[in-house]
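Novice: Quick one: sequence and predicted model below, then my questions.
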Amino acid sequence: MFLHDLRYANAELAQAAREGRRPAPVKTLRRITSWQWMVLYCRKGSFSAEIASAEGRARLQGRLDAQRIRGLHHAGHDLDGADVPPVRHRHGVLWNAW
């Protein structure tokens, strides 16, 4: 990937200070390789696969918790201590993927 950036040269900063004006930035072109971190940190190499698998795990855990509470209810247990934590939202997985 290529990124255009604005930078101040040291000579331009010194000259602008002497002349009492604002320095003029110079347009630079930088080359960035940004795909390597995804290969290192994502098992399948893409955000969508990571997010889908994490979301599926969260849904499965929610279903298992609900089945456990339903089983306790049918067995006649007191459900005051039973609690199902909120399901992780997809945006949380996106945030944690960074």
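Specialist: Happy to help now that I have it.

Novice: Give me the domain ranges for this structure.
Specialist: As recorded under automatic domain parsing, the domains making up the chain are 1-32, 44-98.

Novice: Could you tell me the least trusted of those domains?
Specialist: Of all the domains of the chain, the minimum mean pLDDT falls on domain 44-98 (a mean of 75).

Novice: Tabulate the domains of the chain in CSV, adding columns for mean neighbour count.
Specialist: (Glycine included, C-beta is placed from N, CA and C.) Formatted as CSV, the domains of the chain follow (neighbours: other C-beta atoms under 10 Å):
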stretch, mean neighbour count
domain 1-32, 10
domain 44-98, 12
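
Novice: for the helix ranked longest in the chain, packing partners?
Specialist: In the chain, taking DSSP state H as the definition, the longest helix is helix 47-74. Counting contacts by 3 or more C-beta pairs under 8 Å, 6 or more residues apart in numbering; DSSP states H and E, helix 47-74 is packed against helix 90-97.
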